[in-house]
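*Asks:* for reference, the sequence and a predicted model appear below.
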Amino acid sequence: TSTDAELPYCEYGVLLNSGEFDGLTTEEAKEKIVDKLSSMKLGSAKVNYRLRDWLVSRQRYWGAPIPMIHCDHCGTVPVPENQLPVELPYNVEFTPDGKSPLAKCDEFINTTCPKCGKPAKREADTLDTFVCSSWYQLR
């Protein structure tokens, strides 16, 4: 069995060996560090709500495309079964601009809504490999 000393500390705590932030609680330290970075014009606070689905989607090229279409008139619509699997395009740009390669590929993104036939956009995120491998037993 492991002793407490061998286990990782997973609770909130107090900063040590952190210069001017020594002795601050986790919450106090986060606020003070963001304030300092903001005053130095090196960063700012940001909340990224997409993290809630991190296990499912990724903003990258590699992976299985999520088979959903976003239509301004019909909302989110699944790709029809006769159009599956959605295949990755080959003509993508891998430029370091913070955007998903699929989101920048007009040929992939721009499509028509299977419900109303109006212009629509494909989902640009891909399924994580964990999702892809979890279906193996159904083959």
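*Replies:* Yes, it's here.
*Asks:* tell me which stretches of this structure form helices.
*Replies:* For the chain, the helices defined by DSSP state H cover 26-39, 106-109, 129-133.
*Asks:* list of residues touching the first one?
*Replies:* Outside helix 26-39, the residues within contact range by Cβ atoms under 8 Å, 6 or more residues apart in numbering are Tyr12, Gly13, Val14, Leu15, Ser18, Glu20, Phe21, Leu24, Gly43, Ser44, Ala45. From N, CA and C alone the C-beta is placed, and that goes for glycine too.
*Asks:* circling back: single out the most deeply packed of the helices of the chain.
*Replies:* helix 106-109 (a mean of 15; mean count of other Cβ atoms under 10 Å).
*Asks:* tell me what that helix is packed against?
*Replies:* Using 3 or more Cβ pairs under 8 Å, 6 or more residues apart in numbering; DSSP states H and E as the contact criterion, the neighbours of helix 106-109 among helices and strands are strand 119-122.
*Asks:* quick one: buried residues of the strand it packs on?
*Replies:* Along strand 119-122, these residues count as buried under the neighbour rule (16 or more other Cβ atoms under 10 Å): Ala120, Lys121, Arg122.
*Asks:* show me the beta-bridge partners of the last one.
*Replies:* Just to be clear, that refers to Arg122. Each beta-bridge partner of Arg122 is listed here, defined by DSSP bridges: Ile69.
*Asks:* re the thing from before, tell me which of the helices of the chain approaches Ile69 most closely.
*Replies:* With distances scored as Cβ to Cβ, the stretch of these nearest to Ile69 is helix 106-109 (10.1 Å).
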